[in-house]
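Peer 1: Quick one: sequence plus predicted model below, questions after.
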Amino acid sequence: MALVQLGARGTYGPLVPWGPGVSNLWSYMRMPPAQKSIIIYNDGSVVEGQGFELDDVKDPGVYLFILGGTRFRCQDDSFEYNALVAAGYDFTVVPERDSYTDDYQDVY
């Protein structure tokens with residue numbers, strides 16, 4: 001049983017405003033993309049999206065809501081881990097505190 005961290009998620013954006021009265025600066029200077037949020041349902045299905053309404057998040061069928069832009073960690077034998085792996089997400093193992101990983105070398 002290890003602590004794991006959710007890997008790459010989808011992104012959206014940047015939103016580029018356009019129209020009358022909008023500066024041309026936005027054509028050259030764009031904001032970085034934002035990370036999408038994830039909802040895991042009680043049946044194990046996973047939905048990724050950029051804007052969930054409060055009703056979507058508070059639905060009784062929702063097991064877990066993972067806000068975009070946050071670091072999500074869980075145990076590798078948990079329900080949320082199994083659901084996310086089945087949906088195609090990858091994880092990295094978080095090494096225990098004050099320990100070295102397998103690829104540690106004492107040469108700096």
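Peer 2: Yep, that arrived. Residues are numbered from 1 along each chain as shown.
Peer 1: What mean pLDDT does the longest helix anywhere in the chain get?
Peer 2: Assignment by DSSP state H gives helix 79-86 as the longest helix of the chain. Mean pLDDT, helix 79-86: 96.
Peer 1: After it, heading C-terminal, what element do we hit next?
Peer 2: Using DSSP states H and E, the helix or strand that follows helix 79-86 in sequence is strand 91-93.
Peer 1: Parallel or antiparallel, list what pairs with that next one.
Peer 2: strand 3-6 (antiparallel) (DSSP bridges).
Peer 1: Need the residues that contact the partner strand.
Peer 2: 66, 71-76, 81, 84, 89, 91-94, 96 (C-beta atoms under 8 Å, 6 or more residues apart in numbering). C-beta coordinates here come from the backbone N, C-alpha and C atoms, glycine included.
Peer 1: circling back: tell me how far the longest helix of the chain is from the chain's mean position?
Peer 2: Distance of helix 79-86 from the chain centroid (C-alpha atoms, centre = their mean, to the nearest Å) equals 13 Å.
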